[in-house]
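> I'll drop the sequence and a predicted model, then ask my questions.
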Amino acid sequence: QVQLVESGGGVVQPGRSRRLSCAASGFTFTTYAMHWVRQAPGKGLEWVAVISDVGGDKQYAASVKGRFTVSRDNSKNTLYLQMNSLRVEDTAVYYCATEGYWGQGTLVTVSS
Amino acid sequence: DIQMTQSPSSVSASVGDRVTITCRASQGISSWLAWYQQKPGKAPKPLIYGASNLQSGVPPRFSGSGSGTEFTLTISSLQPEDFATYYCQQANSFPLTFGGGTKVEIK
């Protein structure tokens, strides 16, 4: 069955960097665009970024553009989100998602 | 950016009730709309795509309709496991945007 498993969350200081990973299995990873979506504590859902199936096309939310970079390694069936210059307002559960499937999420807390 | 407005923000209902949630887009999005269900502490669960197509395994008491700027999610007979927060999301253009959510609570 389809599985998306995020990892890499934790506590990070403002201004520092963190890389999230999403390991995919149970479907042909190389044929699907992949998204990152986040949810701040007690808040709604916010789309963060998308990468096309072969990685050539990427789009970002204005709130993260220039600080976050989405990438993928199709040989490893893994999606990444490199987060730089983190801010307190980036604190959220980060989900990876594709058509019809979401991971369980990983919590990133930005705090000094 | 396309703004998505859901109403109501919360609704109290009883088991067996019919519940309808509305989602309005700030500009036309054809049928590029999805609905999600989220329970506390859990990831969102996709329910509907393309405005009216049920995801695999979703019970038929859930239905979606609409096109353009106005959409609805209907639960025909509310079950205990349906108490949750529901979100709409437009997939017409980037950035993808979500509605603010509708919490379905027990009356």
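Good, I have the coordinates.

> helix or strand right after the one helix or strand B:Cys23 maps to?
Assigning secondary structure by DSSP states H and E places B:Cys23 in strand B:19-25. Toward the C-terminal end, the helix or strand that comes next after strand B:19-25 (DSSP H and E) is strand B:33-38.

> quick revisit: how far does the strand holding B:Cys23 sit from its chain's centre?
7 Å (CA atoms, centre = their mean, to the nearest Å).

> What is the burial count for residue 14?
Chain wasn't specified; assuming chain A. By other CB atoms under 10 Å in any protein chain shown, 13 other residues sit near A:Pro14. (Each C-beta comes from the backbone N, C-alpha and C, glycine too.)

> that's the wrong chain, I wanted chain B
9.

> which residues touch the closest residue to it other than its chain neighbours?
Nearest residue to B:Ser14, sequence neighbours excluded (CB to CB, 6 or more residues apart in numbering or on different chains): B:Lys107, at 4.7 Å. Contacts for B:Lys107 (CB atoms under 8 Å, 6 or more residues apart in numbering or on different chains) come out as B:12-14, B:17.

> Could I get the buried residue list for the strand holding B:Cys23?
B:19, B:21-25 (16 or more other CB atoms under 10 Å in any protein chain shown).

> That one: partners in the sheet, and parallel or antiparallel?
Here strand B:19-25 has these sheet partners by DSSP bridges: strand B:4-7 (antiparallel), strand B:70-75 (antiparallel).

> Save those strands as TSV, and put in mean neighbour count too.
Below are the strands paired with strand B:19-25 laid out as TSV (neighbours: other CB atoms under 10 Å in any protein chain shown):
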stretch	mean neighbour count
strand B:4-7	16
strand B:70-75	20
